[in-house]
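1. Structure of the sequence below:
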Amino acid sequence: LAATSVLGGLTEATFLVLVTRSAFAITAGQDTMGTLARHTVTVPTALFLMLALVLFRVFMSVVSNWYAASLAAEISTTLRRDLAVGFLRANWSVQQSAPAGRLQELVSSYSGSGSVLLSSFTSGLASACSLAAMLALAVGVDPTGSLIAVGAVGALGSLLRPVRRSLQRQARRVTDDGMS
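-> As a prediction, this is how the structure comes out:
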């Protein structure tokens, strides 16, 4: 998942660089343009490369989403099976003391929560890897501008810290209320 996200991020960043440089070349009336690492290509070749990059990015997204969905389905299935087996292996008095429908509630809501948690984690991992790949390519293209962008992201993250803490406290309260 991380590999497809990094490759997708690099592909997307490369595409954006090529689009920008192609636009400048077309606007200036040039037939050739510089790409990455001081390579020069014609504008039609760059357009073909951009099409290939878009197709590759779509392929990486499909692979990444398929893998994330497979993981979520596997986690959901495993949690449901483990909960059902645990309940059925419990002694009769424990089974009888459980409220009616408790097993069904646990199997559906707990496995659903586990699946949502995994989906959130994989989405965050994919986004972080993609961002890291884009920033790495940005440093190669324009180190000064990249450092400014990294500083702005860090400042924004610091400003959002109180909001994140408040959301975590509220989530803990909701979780504690739901488990009792």
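2. Remind me what the lowest-mean-pLDDT helix or strand in the chain packs against, helices and strands.
-> The helix or strand of the chain with the poorest confidence is helix 102-105; it has a mean of 77 (mean pLDDT, DSSP states H and E). Counting contacts by 3 or more Cβ pairs under 8 Å, 6 or more residues apart in numbering; DSSP states H and E, helix 102-105 is packed against helix 43-89. C-beta coordinates here come from the backbone N, C-alpha and C atoms, glycine included.
3. On the C-terminal side of the least confident helix or strand of the chain, identify the next helix or strand.
-> Counting by DSSP states H and E, the element after helix 102-105 in chain order, helix or strand, is helix 111-141.
4. Which strands and helices lie in contact with that next one?
-> Checking 3+ Cβ pairs under 8 Å, 6+ apart, helix 111-141 ends up next to helix 2-28, helix 43-89, helix 143-179.
5. angle of the shortest one against helix 111-141?
-> Taking axes from the mean of the first three to the mean of the last three Cα atoms, to 10 degrees, helix 2-28 and helix 111-141 form an angle of 40 degrees between their directions.
6. What's the mean pLDDT across helix 2-28?
-> Averaged over helix 2-28, pLDDT sits at 87.
7. relative to helix 43-89, how tilted is that helix?
-> 160 degrees.
8. Could you list the buried residues of helix 2-28?
-> 4-18, 21-22, 25 (16 or more other Cβ atoms under 10 Å).
9. Can you name the element that comes right after it?
-> Once the chain leaves helix 2-28, the next helix or strand it forms, by DSSP H and E, is strand 32-34.
10. in that next one, what counts as buried?
-> Buried, per 16+ other Cβ under 10 Å, within strand 32-34: Met33.
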